[in-house]
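In: The sequence and its predicted three-dimensional model are supplied below.
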Amino acid sequence: MNQLFFYVFAVLTLLCGALVIANPISRSPVTSAMFLVLTIVSMAGLFVLLHAFFLAAVQVLVYAGAVMVLFLFVIMLLDLKEEEQRRIKASAAALGVLAVGLIAVVMILTVHRSRLGLSLENSLVEGSTIALGRDLFTRFALPFEIISLVLLVAMIGTVLLSRKDLR
Amino acid sequence: MNPVGLQDYLVVSVLLFSLGLVGVIIRRNVLVIYMSLELMLNAANLALVAFSRFNDNLDGQVIVFFIITVAASEVAVGLALIVALYRRRQTTHVEDLTTMKL
């Protein structure tokens, strides 16, 4: 059952990811954004299969919720009608795909050659939300506080950058 | 069918990362390039969660938590930059942004 779900979610993730970058029907950024939402949601499914329930929820809330709304808002703000017309240069695209394909082959070979241990029997990660919270507030308390500073800086930066008289 | 192992998740992660990289290379719209970057970040997240699950160690999930937070703030700042750029140049096409080219 788990295998079936893994293959469903993996295929869905990769398919929607491919449609984000190259959609044969529409070149508009809005469709890309919509398929990115689908990619992220199916990835949350993979997270659930990995028993990372809290992260799956955060993934849907933060990425599919907040980040994608931000993307769509900016797409709406910029008038991108004439941008859709431009063509991708075929030779450049082919070279890029070739190069990335080689990188992917190298990485997949590395994954297959390495002996990766798997221990699923003694699951400490099971029911991980409590343990995750405890880790966040004890061992990772300092990074946790620094992250809040990062968010503050990002907020100030965003407000400054979107001023009208920016120069 | 073999049971799904760490390697399967890592292969999915590699493929997703490659898709993101292809997107960054072939697309010419800054917004779509940005979405491809998100794809790559997500691929890294998937690998980290898979490692965390199969090595029975929660540190990977904690790092993913931080990555999601930083990615959210990065998106906010990046999109603000794109909006500022659009106000200046009326374009989001990378081939029109060649001021710093020699």
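Out: Noted; the coordinates are in hand.
In: Helix or strand: which one has the spatially most central residue of chain A?
Out: Centroid-nearest residue in chain A: residue A:40, 5.7 Å away (criterion: CA atoms, centre = their mean). Residue A:40 is part of helix A:29-49 when elements are defined by DSSP states H and E.
In: Would you agree the residue nearest to the centre of chain A is in contact with residue B:42?
Out: Yes: assessed by CB atoms under 8 Å, residue A:40 is found in contact with residue B:42 at 6.7 Å. C-betas here are computed from N, CA, C, even on glycine.
In: ok, residue 35 - contacts?
Out: You didn't say which chain, so I picked chain A. A:16-17, A:19-20, A:23 (CB atoms under 8 Å, 6 or more residues apart in numbering or on different chains).
In: should've been chain B
Out: A:20, A:29, A:32-33, A:36, A:71, B:23.
In: Highest neighbour count among those?
Out: residue A:36 (28 neighbours; other CB atoms under 10 Å in any protein chain shown).
In: Identify the contacts common to residue A:40 and residue B:42.
Out: With CB under 8 Å, 6+ apart, residue A:40 and residue B:42 have common neighbours residue A:63.
In: which residues make contact with the helix or strand of chain A with the lowest mean pLDDT from outside it?
Out: The weakest-scoring helix or strand in chain A, judged by mean pLDDT, DSSP states H and E, is helix A:128-137 (a mean of 86). Contact with helix A:128-137 is made by A:51-54, A:124-125, A:144, B:58-59, B:61-62, B:65, as judged by CB under 8 Å, 6+ apart.
In: quick one: the helix or strand where residue A:76 lies to helix A:29-49, angle?
Out: According to DSSP H and E, residue A:76 maps onto helix A:68-77. Using axes from the mean of the first three to the mean of the last three CA atoms, to 10 degrees, one finds that helix A:68-77 and helix A:29-49 are set 180 degrees apart in direction.
In: Helix A:68-77: which residues count as buried?
Out: Within helix A:68-77, the residues scored as buried using 16 or more other CB atoms under 10 Å in any protein chain shown are A:68, A:70-71, A:74-75.
In: so what secondary structure elements neighbour it?
Out: Helix A:68-77 sits against helix A:29-49, helix B:30-54, helix B:59-89, with contacts defined as 3 or more CB pairs under 8 Å, 6 or more residues apart in numbering or on different chains; DSSP states H and E.
In: before we move on, the earlier item: mind checking pLDDT for the residue nearest to the centre of chain A?
Out: Among the per-residue scores, residue A:40 shows a pLDDT of 94.
In: same question, residue A:123
Out: Value for residue A:123, per-residue pLDDT: 58.
In: Determine the set of other helices and strands touching the longest helix anywhere in chain A.
Out: Across chain A, the longest stretch assigned as helix under DSSP state H is helix A:90-113. Helix A:90-113 is packed against helix B:6-26, with contacts defined by 3+ CB pairs under 8 Å, 6+ apart.
In: Just list the residues touching residue 49, thanks.
Out: With no chain named, the answer covers chain A. Going by CB under 8 Å, 6+ apart, the list of residues near residue A:49 reads A:2, A:5-6, A:9, B:4.
In: that answer is for a different chain, and I need it for chain B
Out: Contacts of residue B:49 by CB under 8 Å, 6+ apart are A:46-47, A:50, A:52, A:55, B:60-61, B:64.
In: Which one of these sits in the busiest neighbourhood?
Out: Sorting those by how many neighbours each has (other CB under 10 Å) puts residue A:52 first, at 30 neighbours.
In: so how far is residue A:43 from that one?
Out: Here residue A:52 is placed at a distance of 11 Å from residue A:43 (CB to CB, to the nearest Å).
In: likewise residue A:15?
Out: 12 Å.
In: cool, residue B:49 as well?
Out: 9 Å.
In: Tell me the predicted confidence for the nearest residue to residue B:41 once chain neighbours are set aside.
Out: Using CB to CB, 6 or more residues apart in numbering or on different chains and skipping the chain neighbours, the partner closest in space to residue B:41 is residue B:71 (5.2 Å). Residue B:71 is assigned a pLDDT of 93 by the prediction.
In: And residue A:165, by the same measure?
Out: 75.
In: Measure how buried it is and give me the count.
Out: Count around residue A:165 with other CB under 10 Å applied: 4.
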